[in-house]
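K.L.:
Sequence plus the predicted model coming up.
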Amino acid sequence: MHAFSADFRAGLTDLMRWRRDVRQFRTDPVEEALVQECLSTLSLAPSVGLSEPWRIIRVRSAAAREAALENFQIANAQALKGYEGQKAELYAGLKLSGMQEAPEHIAVFCDDSTAKGAGLGAGTMPEMRRYSVVGAVTLMWLHARTLGLGIGWVSVLDPNRLCRDLDAPEGWSLVAYLCLGWPRDVSLTPELETKGWEARAAALHIEER
């Protein structure tokens, strides 16, 4: 087994701390070589049964982006109705998407119908394929940060509508809609914490059986 140095481990921990969900982007374009470098890290991720079920749609046309933005705006307005009082005021003041500024939009899907892997490990837990996609997204996110890039995960969306608007193949399910670009600023503290939405847990919840 390869042994990593204490400096390497410390740097990796710093990288994980600096991996933030970015919603404030500069509009400067990202060089295509850097986008491809980020995407290539997906193939380094583990996947159940070696199924590699991640599928990518780069959302580049004005029409597709407008459809995705409208999807977010409708879902965001609907979500606001679910809160009252101070929580509603806080929610209304949150910036939950960098879709208008981010130069790159990447929709990440799971191919639930893939024959690759022959179903190994997914027979009793088919959701493992989607968990595999989430793991791949995490690796890409960390790598993007090493390049100075930021990623924002937009989860306030109607996934079925987005699949229709992007003409995603049958059998693909949306896992992540990602904005990629150069952050306007990066902080170690999550925005939801600074805005008073939620506080980070003081300790892990661990039980023994």
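P.N.:
Alright, I've got the coordinates.
K.L.:
Within its sheet, name the partner strands of the longest strand seen in the chain and how each one runs.
P.N.:
Ranked by residue count and defined by DSSP state E, the top strand of the chain is strand 172-181. Paired neighbours of strand 172-181 in the sheet (DSSP bridges): strand 104-111 (antiparallel), strand 150-154 (antiparallel).
K.L.:
Can you lay out these as CSV showing mean pLDDT?
P.N.:
Formatted as CSV, the strands paired with strand 172-181 follow (pLDDT from 0 to 100):
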stretch, mean pLDDT
strand 104-111, 98
strand 150-154, 98
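K.L.:
now those strands in CSV, with mean neighbour count?
P.N.:
Where C-beta positions appear, they are placed from N, C-alpha and C, glycine not excepted. Converted to CSV, the strands paired with strand 172-181 look like this (neighbours: other CB atoms under 10 Å):
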stretch, mean neighbour count
strand 104-111, 22
strand 150-154, 24
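K.L.:
so which of the ones you listed comes closest to Glu66?
P.N.:
Of all the strands paired with strand 172-181, it is strand 104-111 that lies closest to Glu66, at 11.1 Å by CB to CB.
K.L.:
ok so, going back, of all the strands paired with strand 172-181, which lies closest to Cys179?
P.N.:
It's strand 150-154; of the strands paired with strand 172-181, that one is closest to Cys179 (CB to CB) at 4.3 Å.
K.L.:
what sits up against the closest one?
P.N.:
20-23, 25, 72, 96-99, 102, 137, 140-141, 144-145, 176-183, 186 (CB atoms under 8 Å, 6 or more residues apart in numbering).
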